[in-house]
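[1] Dropping the sequence and predicted coords here.
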Amino acid sequence: MAAVMSLAAEGGIGLARRVSDIEVSLIVRISELAAARKKAGEDIISLGTGEPDFDTPDFVKAAAKTAMDRGETKYTANTGTAELKQAIVAEYARQGVTIAPANVIASAGAKQVLFNAFMATLDPGDEVVIPAPYWTSYVDMVSICGGVPVTVPTRGEDGFVLAPEALERAITPRTKWLLFNSPSNPTGGAYDAGQLRALLPVLARHPHVGLMSDEIYEHLVYDDFAFVSALKALPEMAERVLVVNGVSKSYAMTGWRLGYGVGPRALIDAMAVVQGQATSAPSSISQAAAAAALNGPRDVVAERREDFWRRRDLVVAGLNAVEGLVCDSPRGAFYVFPDCTGLLGRRTPQGTIVETDADLCEYYLEQAGVAVVPGTAFGSPGHFRISYAYAQVALEKALERIAAASAALVKP
Ligand code: PMP
């Protein structure tokens, strides 16, 4: 695996340390390698990116067209339209959580919600506890905003859920936030109500620590797993919880760039100050579309969820049939995160030793034409991530190829 690139400038305008220290992510790197091979005419199956393969529902597109025709094409209020905020308030009311429009900010994607929150709360050196495996953007965003990411490992056997003792050990006087994602990118692991409540005694002992809960995959859950928002599970923490959410994943609206944050008013107001100087409100048209999505019928979401569920089962079974791979069946999202340590140390047909998860991913790309992302990118070596938000035929073909390439590795 080629070394990750650095952005450090070679001549020209000197770059600020806050960006020059950030490495181009392994996800981007793998995607670029896969794209270059595809362009060269190779038959590559890329399971690298986390984007639903479905289209935005028609009724949502129709709402956007209506908004344009009505002339809703101007700046809106900085934190979002009253209509969208009302849709978000109603969405939480359905879950039994009472919030007011003043607790809501709409932004250009969940990413901007996170960024606003870090800009609004982190002074240089402030720490953010992030359980690993983590979504790579978290650590980079914290760093760009002057904070210090403090990563804490979780275990596959625990469903990649943070243990309260591990949280206790990670907290210092500089800790501002505990940040996690449930259901999770990259593992699909999710916290049930009991696991959220188990963190409460620790958080209660450390009132300077807030909880940032990224719930963007909330609707993509399987088996009998019941998703519970941190807002619902931890009412005692209402003044210290920021929920990050959006329509990208649940409604296949990644390109519309519409996310939202729900939290205490003083925090939302501070995030609004950041947003007001960065982008102002998100697109008026996307806001109208998101309001329609949240107010609309849920059958599309339910159908798609069932489809993802079938694909999850297919991928988990396919991976567990490969000697050397172990894959738990995760509760949600559209990722699996198999343990590949059983294949490390083996020799490729070309004679090189596969020493790391990154080597294995490079081997899969070269030998099998399948792009997956090494666990190292998510702070958890010895794994790789597959996104199964792809057509079933592509998944079946990819699994066959992974099985054949894995079987071609020779034990030393
Ligand atoms: N959080 C997580 C965990 C994600 O996986 C993603 C998308 N990859 C986002 C946030 C970003 O969502 P958005 O498109 O709304 O910015």
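    It's in.
[2] In this protein, which residue sits nearest the ligand?
    Per C-beta to the nearest ligand atom, Gly109 is where the chain lies closest to the ligand, at 2.7 Å. All C-beta atoms are positioned from the backbone trio N, CA, C, and that covers glycine.
[3] Let me know whether that residue touches Leu258 as I believe.
    Yes: proximity of Gly109 to Leu258 meets the contact threshold set by C-beta atoms under 8 Å, at 6.7 Å.
[4] residues touching the residue of the chain closest to the ligand, list them.
    Gly246, Ser248, Arg257, Leu258, Gly259, Pro282 (C-beta atoms under 8 Å, 6 or more residues apart in numbering).
[5] likewise Val354?
    So Val354 contacts Leu343, Leu344, Gly345, Arg346, Arg347, Thr348, Leu360, Tyr363, Leu409 (C-beta under 8 Å, 6+ apart).
[6] 10 Å instead?
    Going by C-beta atoms under 10 Å, 6 or more residues apart in numbering, Val354 touches 340, 343-348, 360-364, 406, 409.
[7] could I get the residues you listed as CSV with pLDDT and distance to Ala302?
    Conversion of those to CSV gives the following (pLDDT from 0 to 100; distance: C-beta to C-beta, whole Å):
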residue, pLDDT, distance to Ala302
Cys340, 98, 33
Leu343, 98, 37
Leu344, 98, 40
Gly345, 98, 44
Arg346, 98, 42
Arg347, 98, 47
Thr348, 97, 44
Leu360, 97, 36
Cys361, 95, 34
Glu362, 92, 39
Tyr363, 96, 39
Tyr364, 96, 33
Ser406, 98, 35
Leu409, 98, 41
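[8] Make sure Lys176 is indeed in a helix.
    No: read with DSSP: H, G, I helix; E, B strand; the rest coil, Lys176 is strand and lies in no helix.
[9] While we're on the nearest residue to it once chain neighbours are set aside, how confident is the model there?
    Among residues not flanking Lys176 along the chain, Asp126 sits closest, at 4.6 Å (C-beta to C-beta, 6 or more residues apart in numbering). Note on Asp126: pLDDT of 98.
[10] ok, how many other residues are close to Asp126?
    Applying other C-beta atoms under 10 Å, we find 17 residues neighbouring Asp126.
[11] follow-up on the earlier one: now for Gly109 and Leu258: what residues contact both?
    Both Gly109 and Leu258 are contacted by Gly246, Val247, Ser248, Pro282, Ser286, under the criterion C-beta under 10 Å, 6+ apart.
[12] These in strands, which ones?
    Gly246 (DSSP state E).
[13] State the pair within the shared contacts of Gly109 and Leu258 that is farthest apart.
    Ser248 and Pro282 (12.0 Å; C-beta to C-beta).
[14] returning to what we had before: and the contacts of Gly109, which two are furthest apart?
    So for those, where distance means C-beta to C-beta, the most widely separated pair is Ser248 and Pro282, at 12.0 Å.
[15] Doesn't Leu179 lie inside a strand?
    Yes: using three-state DSSP, the assignment for Leu179 is a strand.
[16] Can you give me every residue that contacts it?
    Counting by C-beta under 10 Å, 6+ apart, Leu179 has contacts 114, 117-118, 128-131, 134-135, 138-139, 141-142, 149, 210-214, 242, 244.
[17] near the ligand, from these?
    When the contacts of Leu179 are filtered against the ligand using C-beta under 6 Å from any ligand atom, the residues retained are Trp135, Asp214.
[18] if I look at the residue of the chain closest to the ligand, how far off is Ala368?
    Going from Gly109 to Ala368 by C-beta to C-beta, to the nearest Å gives 33 Å.
[19] ok so, going back, ramachandran angles for the residue of the chain closest to the ligand?
    Phi and psi for Gly109, reported as degrees, to the nearest 10, are phi 90, psi 160.
[20] Then Leu267?
    Per degrees, to the nearest 10, the backbone of Leu267 is at phi -70, psi -50.
[21] Quick one: residues contacting it.
    Going by C-beta under 10 Å, 6+ apart, Leu267 touches Asn103, Ile105, Asn116, Ala117, Ala120, Thr121, Gly210, Glu239, Arg240, Val241, Leu242, Gly261.
[22] Quick check: the gap between it and Gln275.
    According to C-beta to C-beta, Leu267 and Gln275 sit 12 Å apart.
[23] Equivalent analysis for Ile268, please.
    According to C-beta to C-beta, Ile268 stands 10 Å off from Gln275.
[24] With neighbour numbers in mind, choose between the two.
    Gln275 (27 against 22).
[25] show me where the stretch 1-150 of the chain has helices.
    Along the stretch 1-150 of the chain, counting by DSSP state H, counting those that start in this stretch, helices occupy 17-20, 26-39, 58-69, 82-94, 110-121, 136-144.
[26] out of those helices, deepest packed?
    Of these, the one with the most neighbours on average (mean count of other C-beta atoms under 10 Å) is helix 110-121, at a mean of 24.
[27] tell me the contacts of the nearest residue to Lys85 once chain neighbours are set aside?
    Spatial nearest neighbour of Lys85, chain neighbours left out: Pro101 (4.1 Å); criterion: C-beta to C-beta, 6+ apart. The contact partners of Pro101, by C-beta under 10 Å, 6+ apart, come to Thr79, Gly80, Ala82, Leu84, Lys85, Gln86, Ile88, Val89, Ile268.
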